[in-house]
Structure formats: C-alpha cells, structure tokens
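> Got a predicted structure plus its sequence, pasted below:
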Amino acid sequence: MQKKVGDTPPDQPPDTPAGDPAGDRPGHRAGAALLAAARPDQAACGDAPPQAAASEAAARNDATPLAADPEQDESAPKLGAAIAPIRDYIAELHQRLLKVTDGAVADYIPELGKADPNLFGIAITTVDGELYTAGDAAVPFTIQSVSKPFMYGYALQHHGRAAVLKKVGVEPTGEAFNSIVLDEAQNRPFNPMVNAGAIAMAEMMLGATQKERIANMQSMFSSLAARRLDIDETVFASELATGHRNRAIAYMMLNSAMLERDPEEVLDLYFRQCSVNVTARDLAMMAATLANDGMNPRTRQQVFDPQYVRDIVSVMNSCGMYDYAGEWAYEVGMPAKSGVSGCIIAVIPGQVGICVYSPPIDKQGNSVRGIKACLEISDEFDLHAFNNRTNVRSVIRRAYRADFVRSNRLRTAQERKVLMEEGKKIAVLEAQGSLYFGSTEQLLRKLSELAASSRYVIVDFKRVHGADASARKLVVLTARALAGAETGLVFANIPADGPLARLARALAEDEQAYRIRRFPDGDSALEWCEDRLLEGLPQVSDTKLAVSEINLFKGLTREEGRLVEQLLRPLVFEKGDVIMREGDAARLFFVLARGTVSIHIRVHGRDAAKKRVASLGPGLTFGEMALIDGGTRSADVVANEKVICYGLDIEQLKELSAEHPNILISILTNLTREFSDRLRHANEEIAILE
C-alpha cells in the first residue's frame, strides 16, 4: 500500500493550536496541518511538457485578469520542496496518474472530440486564495456541465429559494445527465444538475434582452473565477448545431409549461454557459468560492449568500455526479460536479476547492483520471465529508475568576484589596473556534456552572471565528433567560462586522429589552464588572486632593506634604483630549482627581495603530517614569470623560528635594513598591492563565 503523506514524523506541528481538532488523529494531522502550513510555489507544479507550458503562457496572455494573479509575480520568493508538501504531493500524483489511459474523449459534440487526451491538470485553491497546481492547470477548455451549480446559485441568489423550487427539484434521478425524464407530479425537472434542470435555471438569468442575459451570465462566471471569462464561439456553434436532445427536452418542458420563454432563446443561453472557457485554475477558484461561503477568496466579493451555498453544495453532493453519485459519495465523500469536457470540481466547505482536468471520460460522463485523483486526494488528506473533525470540548479555551486576573485598570491599594477578596464573584469564560449546536451547548453548560457561584459572567468571543444560526439562537436565548437573574451576563469581542456580525445584530435587537451588555474587548468588560463590585467604596474627593491621600506621597511629613501641594497645578481636560502624547518631552507628572484616563501604546507591525493597555481612576498618578529617566513620553494618555488632574513640574520637585531630600526618596520608594506589586500580580496572572 502506498505510504501517505504525513505518516512520518507523527508529531503534531508546533504551530497547531492547543485543542485544535486537526491534531486529534494522525490522519487529520497529515491533512489539516499540510493544508494550513504549506505555501504554494509561484510557478505551476509538476514536470509539464514544453507544449503544455506554452499553452499555459498563452492562456495567461489571452485572459484579461480582474485581479492580480499571484502566480505571475516573478518577484515573489520561490519556496523549496521541504516546505511545500501539497505542491510536491499533487506533482507526484499527477505524474503517477499520467499512466492511466482508460476512457475516451467525448465526441457527441464534435468540437469536444478534438481535445488532446494526454492533457491532465490538477489545481487546489484554499479559502484564503492560495493556489497549488500540477500539469496542464492553465490550459483552457469549456466548462460544460460544471456551469450548472453556479447557474443554480445565481437563480437562488436573485430569485430566492421558494421561486427556484417551483422551477426545479432537488431529488437525484439515478439517470444519465441528458436523460429525458421529468418530475410530472411536481411539473418540474428533478434537480438542477441534469440538463432539464439546468435549462430551467438558464431561463432564470436576469436581463431585459438576450444580450443582457448573456452579459450577466459571463459577469457571474467571471466574478467566481476572479478574472474575465469568455465564450468559446466554436464550441458554442458546435453545441448549437448538434444539441437536438436538449431541444427535445426544452420543447417537452414548454409543452408542460415548465418553460415560459422561447425554448430556442433559452437554449442559446444554455449552450453559451456550457461553452465558457475556463482552466483548472479558474475552476479551483470557483470551487473555493463555494468552500468560502460564497465569497471569492481572491477578490473578497460575496458572489452567493452562505444560505444558498448550502443549497448548492447539498445538490452537488446528491446529484453532481449523475448515476455515479452514490458511489462517489461513498468512496470520495466530497460535493462535486463533473463535465463531459473532462473536468471535475470538488468542494470541501471551509477548506479548499479542487479541480481536475483530463478529457477522457467513462460511460457515465466523468473524467477517469479526475475520479482517481479526487479519490486519492480525499483519502490522503481525510477530506471525506463524513470524517468527524469536530471536537466540541475544544470550544472552551479557559475559565478563570477576577480575584487574581484583573483588568488593566490601575487601582488604589484599597480597591485592590477589595478585588482580591470579592473578585471571585466575576467569572471569565473564553471561547474559541467555531460555534455550532454541539460546541455552543458545551459553552453554555460551562456558563451555567459558573453562573451558579458568580455575580457576573463574562463570555469573551475574541478567538471565535464563526457562529451558525443554531449557535446564535442558543446564545440569544441564554441572554434572555439570564436577563432577570441574579447573575449578570456580559459579552466581549462581538464586533458589528466580520464573521460574528450576525450574532452582534441578534444581540443588538434584544439589547434594551433584556439589558444585554456588550463590550469591545475583554478588558473593558472586566473593568466594568470590577467597578460594579467597588461601588460601595468611598470615592476620592472631586476637589483639591490632600497629598496624604495619594499612595505615591506616603511617608512624607506634614510639612513636606504641604510643600509638595504648593507645586500642584490644577488642569482640566475634556473627553478625548490627549493629556500626554508619545514622544513629547516629559516635564510633568500627573495626579488624577476626577474622571478616568486610558493609556495607549503603539502596536508594532500595524500602521499607526494604538492599543489601550490600561486605565486609571481618581487618586492615581501617571507620567511618573519621568522622575527616573526624564526623556520623552512612551505612551499616549487620553481622557475617557471630563477629567480634573494636577500636574507636578519635575524640575521644581527636584529643586524642592535638594532642600528636603526625603521627598524624592519617599516618592521613588513608593514608586518602586508600586512597580513591584504590579510585577508580582502580573506573574500571578501569567501562572493562572498558563
């Protein structure tokens, strides 16, 4: 038996996250790790013959790209075989299957019969747009029946599910693709993958004129491929001249009122859609668009709604391979569609799109090499749809309480003491991965367990990259159920855009009625919960502060305190004002009397991005580092609201300390003690979070 890629070494790659289902079984390590870690070579893989390479170059020159083609970037670095296992695997597979000579080129359409039976290309595109190719992946051919799932998707996108179901069903027939069989009970074709159903879908193409409909059809296919696609007029003419069986189907449908327009006009569009010129690279991108929930991985255009992608892929799974569909689903297990020009596409939702092109087909009309290649790829990388990759237990990244892990809000000694004693009433639950029924049930069960002994539970979605309809419903129902309970439920990191946008909208609809609390990040959520626990504490005065109330000045005599107070200058800032700016000269440090401020630092690797790393409230100081090293500011300090604070001139303080040295000694001692406390607590947090 041939040895699988990834059988040795068995160790999980160090980049695999803890709890990642891809690391649960050896087969999954081989497949998922390689798909995630490898990067493609910038040139087509495999030892293609010189004429194939010339055909690829011609194909690139003849096509007008809608978006930049990364394979044409000669300045991009070339990666070695040691870190390109997918490229190497499909190159080896391509060379091995070149020896297969079964099947014959389709000749019922005369122009198709002229195809070179030796052509053979493989292309794989990931959902983030990376392309792996081997052999004749850039040689053009006509799309034929592989156009059908995309035309079905267009009809769903523009007419809706109910209207489309009136025109075509979703039942497999077990018959050949061009069988003259209709569902007379429902007065419609059985499914959109047989010719009758595809003709019905062609009639649903929008446009006031035939010219507009043809343009709309080409535009749709071009948006899927991420480059302009054209019609092969020679093949179209050949289909138009010999498509008598399809004419019989169309006129029978007209007779049964399944078609409303002139059958010849509908057939004209149908023959044209089958004659669109594509390459294996194009079809891999189109399949990857379906794998990526209808969004083109390269252009980021949302071609189809995710709800309709589900319908497309479902019908591909049951009907895409015609009377071979059952055996294909059993052996290969990937939703797929074949065309008599010798191409097969396969979709692995959330992962990749695959295309194999080889003109010789079997008696069912499927590419012989294409079936063998897909079977081996599915087996090698465990891509069968019913291989269980889920691990619902991995949804919980960690859970902890706020008696040791606190927010970045800097607190007074009294506040820290209260939070050490009462912080266990705040629980934080960090979720990760995708939320669906099983994983969400696990998450909510843990939430219920924490809620029994908590005043607040924060659920942090920072590492969640998707929530399906069932997950959204369960989360909203939980929020409603806890609205009147003693335990407050708080959500963090559910942005209004991105993969959790629908969950954000669902919670927003109930925000007022059920008092749902959402925060942009986990730290602000934790700070809000802490503030609720501290509400009973006496507050620092809004007016002139006594030096004795401030930790930084502990240890000063009454006279020393009076002298320092004389140096304090009252300052008022409005919300949004920058009190200290990174790079400014450090001449003052500040004592906060009223309001709160946030500290922002520059994030390396992001253009001018700033990240909030801490906040402070009344009675605390900031800018003290200037006492130690002078120089310039290392961060921005921004007023969160109207702020009253007092500035202390560092030079004046040093002059005062020359006569009263205990002042600076006490300040630096307190500063050292404060930094020591923060470091000790940070170490405790790190130990807990590990």
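Noted; the coordinates are in hand.
> can you list the weak-confidence ranges in the stretch 101-250 of the chain?
Filtered on pLDDT under 70, the stretch 101-250 of the chain yields the residue ranges 174-181.
> switch the cut-off to 90
Along the stretch 101-250 of the chain, the model assigns pLDDT under 90 to residues 108-109, 171-188.
> Which pLDDT does the model give the residue nearest to residue 413 when sequence neighbours are not counted?
Leaving aside its sequence neighbours, residue 413 sits nearest to residue 551 (CB to CB, 6 or more residues apart in numbering; 6.1 Å). C-betas here are computed from N, CA, C, even on glycine. Residue 551 carries a pLDDT value of 78.
> I'd like the next helix or strand past the helix or strand encompassing residue 313.
Using DSSP states H and E, residue 313 falls within helix 306-319. Next along the chain after helix 306-319, taking DSSP H and E as the criterion, comes helix 325-331.
> Show me this protein divided up by domain.
Following automatic domain parsing, one finds the domains of the chain at 99-380, 392-533, 547-689.
> What is the end-to-end distance of the shortest one?
Counting by CA to CA, to the nearest Å, the length from the leading to the trailing residue of domain 392-533 is 33 Å.
> about what we covered before: give the other helices and strands that the helix holding residue 313 contacts.
helix 148-159, helix 280-291, helix 325-331, strand 336-339 (3 or more CB pairs under 8 Å, 6 or more residues apart in numbering; DSSP states H and E).
> what comes up buried for it?
Using 16 or more other CB atoms under 10 Å as the burial criterion, the residues of helix 306-319 that qualify are 308-313, 315-319.
> Can you mark which positions in the longest helix anywhere in the chain are buried?
With secondary structure taken from DSSP state H, the chain has its longest helix at helix 661-689. By neighbour count on 16+ other CB under 10 Å, the buried set for helix 661-689 is 663, 666-667, 670-671, 674.
> Pull the contacting residues for the residue lying closest to residue 511 once chain neighbours are set aside.
Nearest residue to residue 511, sequence neighbours excluded (CB to CB, 6+ apart): residue 518, at 7.4 Å. Each residue near residue 518 by CB atoms under 8 Å, 6 or more residues apart in numbering is listed here: 490-492, 494, 504, 507, 511.
> swap the cut-off to 7 Å and go again
491, 494, 507 (CB atoms under 7 Å, 6 or more residues apart in numbering).
> Count the neighbours of the first one for me.
Spelled out, it's residue 491. Residue 491: 21 surrounding residues under other CB atoms under 10 Å.
> Can you name the residues that contact it?
Shown in contact with residue 491 (CB under 7 Å, 6+ apart): 459, 461, 507, 517-518.
> Report the contact partners of residue 399.
427-429, 446, 450.
> Out of these, which is nearest to residue 650?
residue 428 (38.7 Å; CB to CB).
> Please, where are all the strands along the stretch 351-500 of the chain?
352-357, 360-361, 396-401, 409-410, 426-435, 456-467, 488-492 (DSSP state E, counting those that start in this stretch).
> List of residues touching the first one?
This means strand 352-357. With contact meaning CB under 7 Å, 6+ apart, strand 352-357 is reached by 35, 119, 121-127, 136, 141, 280, 283-288, 290-291, 342-347, 367, 369-370, 373-374, 377.
> which ones among those are found in helices?
35, 280, 283-288, 290-291, 369-370, 373-374, 377.
> now the contacts of residue 399 in CSV, with distance to residue 596 and neighbour count?
Output for these, formatted as CSV (distance: CB to CB, whole Å; neighbours: other CB atoms under 10 Å):
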residue, distance to residue 596, neighbour count
427, 24, 25
428, 21, 23
429, 26, 22
446, 32, 18
450, 28, 20
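> Out of those residues, give me the two with the largest separation.
428 and 446 (11.5 Å).
> tell me which element residue 641 falls in.
Under DSSP H and E, no helix or strand contains residue 641.
> If you tally nearby residues, what's the number for it?
Using other CB under 10 Å, residue 641 has 12 neighbouring residues.
> how far away is it from residue 549?
Remark: distance between residue 641 and residue 549 (CB to CB, to the nearest Å) = 21 Å.
> One more: residue 563?
Distance of residue 563 to residue 549, given as CB to CB: 16 Å.
> what comes into contact with stretch 271-282?
59, 121-123, 131, 133, 137-145, 147, 151, 202, 214, 217, 221, 225, 229-232, 235-236, 239-240, 243, 343, 355-357.
> wait, residue 639 sits on residue 575?
Yes - here residue 639 reaches residue 575: they are 5.7 Å apart, a contact under CB atoms under 7 Å.
> So those two - more neighbours on which side?
Per other CB under 10 Å, whichever of residue 639 and residue 575 has more neighbours is residue 639, with 21 against 11.
> Which residues lie in contact with the more buried one in this structure?
Neighbour list for residue 639: 573-577, 579, 595, 597 [criterion: CB under 7 Å, 6+ apart].
> that older thread, tell me the least confident of the buried residues of helix 661-689?
residue 674 (79).
> Nearest residue to that one in space, ignoring adjacent ones along the chain?
Here the nearest residue to residue 674 in space, its sequence neighbours aside, is residue 551; by CB to CB, 6+ apart that works out to 6.8 Å.
> so how many other residues sit close to the one you found?
By other CB under 10 Å, 16 other residues sit near residue 551.
> go on, residue 331?
Residue 331 has 14 neighbours, counted by other CB under 10 Å.
> what do you get for the one 10 residues further on?
Number of residues near residue 341 (other CB under 10 Å) recorded here: 26.
> thought residue 373 was touching residue 124?
No - using CB under 7 Å as the test, residue 373 is too far from residue 124 to be in contact (10.4 Å).
> Have a look at the two and say which one is more surrounded.
Counted by other CB under 10 Å, residue 373 and residue 124 do not tie: residue 124 has more neighbours, with 31 against 28.
> Can you name the residues that contact residue 521?
Residue 521 is in contact with 492-493, counting by CB under 7 Å, 6+ apart.
> ah, wrong one, I meant residue 263
250-251, 254.
> Skipping its backbone neighbours, what lies nearest it in space?
Nearest non-adjacent residue to residue 263, counting by CB to CB, 6+ apart: residue 250, 3.8 Å away.
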